[in-house]
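1. I'd like to go over a predicted model; first the sequence, then the structure.
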Amino acid sequence: DTGVSQDPRHKITKRGQNVTFRCDPISEHNRLYWYRQTLGQGPEFLTYFQNEAQLEKSRLLSDRFSAERPKGSFSTLEIQRTEQGDSAMYLCASSPPGQREKLFFGSGTQLSVL
Amino acid sequence: DQQVKQNSPSLSVQEGRISILNCDYTNSMFDYFLWYKKYPAEGPTFLISISSIKDKNEDGRFTVFLNKSAKHLSLHIVPSQPGDSAVYFCAARGGGSNYKLTFGKGTLLTVNP
């Protein structure tokens, strides 16, 4: 069990650029989640996949955000035309069948938009 | 509207004493409550959970108490150790969704040697 892996750990970009993050969940975990955390706040739900199907997107996820999970394995989160307000820690988590409430988080990708 | 509230941003205790972290919620539809611990530069780590049909769950030094009538839960750590120093998040599941967790803002616990 290697845990949830996220890449990159840090990303600095200029406003208006596109960025993409990758998440590799724990193998055999069928559920995958993206959360966002800003300073002084708890993680906020962004979106959720069961296998390859994206079942819900939060209202926090504007049209500039898109997430995919092809083949039900790794997932990517893309932000187009980044804004300074997108600066945050983006956390990926996965959960195994039968334990959907117990999320295993990765170390996150820290995004800074200049 | 914050459905899960942790009103104490920080807590400081002496090693060996009890740490009590509190959490309040407003949504009576929540059916599962969890505590996560987070160290700097790491993702949150699951610590302990409790179903809404129970009022206590214990795991080693960690005990979670749930008071449904008061919509309040607490995490007790006895005895506290310096390695317990971290941010603790209260989270709740449910409220119309059976997979999404709603988190509080967290409490920074510092255990002094």
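-> Perfect, thanks for sending it. Quick caveat: nothing in here was measured; it's all calculated off a predicted structure. Numbering: from 1, shown residues only, chains lettered A, B, ... in the order given.

2. What parts of chain B come near chain A?
-> Within reach of chain A by C-beta under 8 Å from any C-beta of the partner chain, chain B has these residues: B:4, B:32, B:34, B:36, B:41-46, B:49, B:89, B:91, B:93, B:97-106. For the C-beta atoms, the positions are set from N, CA and C on the backbone; glycine is no exception.

3. So which of these sit within strands?
-> Of the residues of chain B next to chain A, the ones assigned to strands by DSSP state E are B:4, B:32, B:34, B:36, B:45-46, B:49, B:89, B:91, B:93, B:101-103.

4. Whichever of the residues of chain B next to chain A end up buried, select them in PyMOL.
-> To isolate the buried members of these in PyMOL, using 16 or more other C-beta atoms under 10 Å in any protein chain shown:
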select buried, chain B and resi 4+32+34+36+43+44+46+49+89+91+93+99+100+101+102+103+104+105+106
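
5. What's opposite the residue nearest the centre of chain A in the beta bridge?
-> Centroid-nearest residue in chain A: residue A:34, 3.3 Å away (criterion: C-alpha atoms, centre = their mean). Applying DSSP bridges to residue A:34 yields these beta-bridge partners: residue A:47, residue A:92.

6. Show the contacting residues for it.
-> For residue A:34, the contacting residues are A:23, A:46, A:47, A:48, A:67, A:75, A:77, A:90, A:91, A:92, A:93, by C-beta atoms under 8 Å, 6 or more residues apart in numbering or on different chains.

7. quick one: which of those residues has the most company?
-> Neighbour count (other C-beta atoms under 10 Å in any protein chain shown) singles out residue A:92 as the most crowded of the contacts of residue A:34, with 30 neighbours.

8. Tell me who's in contact with it.
-> Residue A:92 makes contact with A:4, A:6, A:21, A:23, A:25, A:32-35, A:75, A:77, A:105-106, A:108, according to C-beta under 8 Å, 6+ apart.

9. Next: residue A:12.
-> Contacts for residue A:12 were tallied using C-beta under 8 Å, 6+ apart; they are A:112, A:114.

10. And for the residue lying closest to residue A:68 once chain neighbours are set aside, the neighbour number?
-> Nearest non-adjacent residue to residue A:68, counting by C-beta to C-beta, 6 or more residues apart in numbering or on different chains: residue A:76, 5.4 Å away. Using other C-beta under 10 Å, residue A:76 has 14 neighbouring residues.

11. Repeat that for residue A:61.
-> Residue A:61 has 18 neighbours, counted by other C-beta under 10 Å.

12. again with the one 3 residues further on
-> Applying other C-beta under 10 Å, we find 13 other residues in the vicinity of residue A:64.

13. And the strands in chain A?
-> Using DSSP E, strands in chain A cover A:5-7, A:10-13, A:19-24, A:31-37, A:44-50, A:53-57, A:65-68, A:75-79, A:88-95, A:104-105, A:109-113.
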